[in-house]
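Peer 1: this one's sequence-less:
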Ligand code: NDP
Ligand code: HSE
């Protein structure tokens, strides 16, 4: 059978990796897919650089639309990124009857509903394994491997850049800016690294997983997003003293009231495997009612790990190319006419436990007053740590840090109680609050 022909839009970090891995493992991939898969046309704004990578093995053009217009191309890979031109090109490729492979989580989290509806109407596939957790086949696991389960929750380290920064700061004492620069040099960071450090990239990925897990539309606008830029070094240190590590987690959870969808730094017990995931590695925990808790670990960013997922999608599409569209695996796991309208909860409705750091006057009765206000709100204390004033503020200091770990409570209940605690005269600075996930 003649090889399936692929057009590649954008030959940067991931595109370059996809081109190289496909060329290197061509024979192995042909034996698995049942026919050859060849990238025959590449579009990139920087034609000279693209030609250096392609070295005559494919036609290089500067205009992505020339690839889409080529009737010989069966599959278009979009590896440009962003919501702008990438959205237009993906929709045009679908309209032209091409299957699409993309690693663009931003595009799918924000415009996924439009894109999947267009693909369904046209009977083509939009595949996006590389969009979540790089080389880890988590989309395949959620959509196919765990299809028997009612998924209860997912919690993951799904941004390599921020995990790399947190690891470098903790283990090598690098400052934030130096660690971010290294992550950019290694090709982990997004074109706009704000997406990484402010938690937006992780929220894009959590949004996509949430849709697949619970059969709801992609709803990035309803995700709660908090990055790592506000994290203070002393909270990382206090968390360690209490037996926890701080990780940027993407969490989505089914509750009787609706779906939690949130990204924020979280304290995780140091004994959990996921707390020991370091560098640009990603790990995703999925809890299904039948299977229990499962863990998926691997490289979440970088050229060839991400290319591995892109090519897996190419093979999948090649295998199913001629299958009846109605019998293909649905893009979001559930059939489009069987989606659920489960509501995404606001943060005030979310239930979790908390780490609180209060800078307080080192005087009698402070702890009792704080404990009283929490107790009045029905918030149960799990642990308390109080540092000696001298250790916190230097010799003769009259201030100290009071660290409180709570049991599960509603965020709205905690917000209201903390407003009262904050108003106590002996609480001297804004209270630091981090969420804590036991992931049991
Ligand atoms: P890069 O910036 O390295 O590559 C993008 C490429 O697209 C560049 O070569 C760029 O050219 C080219 N380009 C830009 N505009 C156009 C256009 N209109 N037509 C043709 N080519 C164009 O990005 P990455 O490879 O890192 O990321 C690609 C996608 O993969 C993104 O959606 C990203 O979020 C996602 N992703 C990235 C991962 C990673 O580890 N890097 C991991 C998982 C997903 P020029 O440089 O000249 O602008
Ligand atoms: N910028 C992303 C990260 C790339 O650091 O995880 C992989 O999606």
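Peer 2: Good, I have the coordinates. Because the structure is a prediction, the values reported are computed rather than measured. Numbers count the residues shown, from 1 in each chain. Ligands and ions are numbered 1, 2, ... in the order given.
Peer 1: Skip ahead from the helix or strand of the chain with the lowest mean pLDDT and say which helix or strand is next.
Peer 2: Ranked by mean pLDDT, DSSP states H and E, the weakest helix or strand in the chain is helix 389-393, scoring a mean of 76. Sequence-wise, the next helix or strand downstream of helix 389-393 (DSSP states H and E) is strand 399-406.
Peer 1: for that following strand, packing partners?
Peer 2: If you count contacts as 3 or more C-beta pairs under 8 Å, 6 or more residues apart in numbering; DSSP states H and E, strand 399-406 packs onto helix 233-241, strand 351-361, helix 366-376, strand 381-386, helix 389-393. All C-beta spots, glycine's among them, are computed from the backbone N, C-alpha and C.
Peer 1: what about the residue in the stretch 1-150 of the chain positioned nearest to ligand 1, neighbour count?
Peer 2: As assessed by C-beta to the nearest ligand atom, ligand 1 sits closest to residue 12 within the stretch 1-150 of the chain, at 1.9 Å. Here the count is done by other C-beta atoms under 10 Å, and residue 12 has 19 residues near it.
Peer 1: confidence score at it?
Peer 2: If you check residue 12, the pLDDT there is 97.
Peer 1: Please apply the same query to residue 320.
Peer 2: Per the predicted model, pLDDT is 86 at residue 320.
Peer 1: thinking again about what came up before, go ahead and measure how far the least confident helix or strand of the chain is from the middle of the chain.
Peer 2: On the basis of C-alpha atoms, centre = their mean, to the nearest Å, helix 389-393 sits 38 Å off its chain's mean C-alpha point.
Peer 1: begin at 202 from here
Peer 2: I'll keep to 202 as the first residue from here, and by that count the last item is helix 590-594.
Peer 1: Would you point to the one among the helices and strands packed on strand 600-607 that's packed deepest?
Peer 2: strand 552-562 (a mean of 21; mean count of other C-beta atoms under 10 Å).
Peer 1: starting at the chain centroid, how far to that strand?
Peer 2: 26 Å.
Peer 1: what secondary structure does the closest residue to residue 294 other than its chain neighbours sit in?
Peer 2: With sequence-adjacent residues excluded and distances taken as C-beta to C-beta, 6 or more residues apart in numbering, residue 294 is closest to residue 277, at 4.1 Å. Three-state call for residue 277 (DSSP: H, G, I helix; E, B strand; the rest coil): strand.
Peer 1: Count the neighbours of residue 279 for me.
Peer 2: Quick note: residue 279 (other C-beta under 10 Å) scores 25 neighbours.
Peer 1: scratch that, residue 548 is what I was asking about
Peer 2: Other residues close to residue 548 by other C-beta under 10 Å number 17.
Peer 1: For the stretch 352-501 of the chain, list the residues in contact with ligand 2, please.
Peer 2: Within the stretch 352-501 of the chain, the positions near ligand 2 by C-beta under 6 Å from any ligand atom are 360-362, 389-391, 397, 402, 501.
Peer 1: quick revisit: and the least confident helix or strand of the chain, what does it pack against?
Peer 2: strand 600-607.
Peer 1: Contacts only, for the closest residue in space to residue 213 that isn't next to it in sequence.
Peer 2: Closest residue in space to residue 213, ignoring its immediate chain neighbours: residue 280 at 6.8 Å, by C-beta to C-beta, 6+ apart. For residue 280, the contacting residues are 209-213, 215-216, 219, 303-305, 511, by C-beta atoms under 8 Å, 6 or more residues apart in numbering.
Peer 1: burial of the residue in the stretch 502-641 of the chain that ligand 1 sits nearest to, as a residue count?
Peer 2: Here the stretch 502-641 of the chain gets closest to ligand 1 at one residue, residue 502, 3.5 Å apart by C-beta to the nearest ligand atom. Neighbour count of residue 502, defined by other C-beta under 10 Å: 28.
Peer 1: cool, the one 4 residues further on as well?
Peer 2: Neighbourhood size, residue 506 [other C-beta under 10 Å]: 23.
Peer 1: Go ahead and report the secondary structure state at it.
Peer 2: Here residue 506 is recorded as helix under three-state DSSP.
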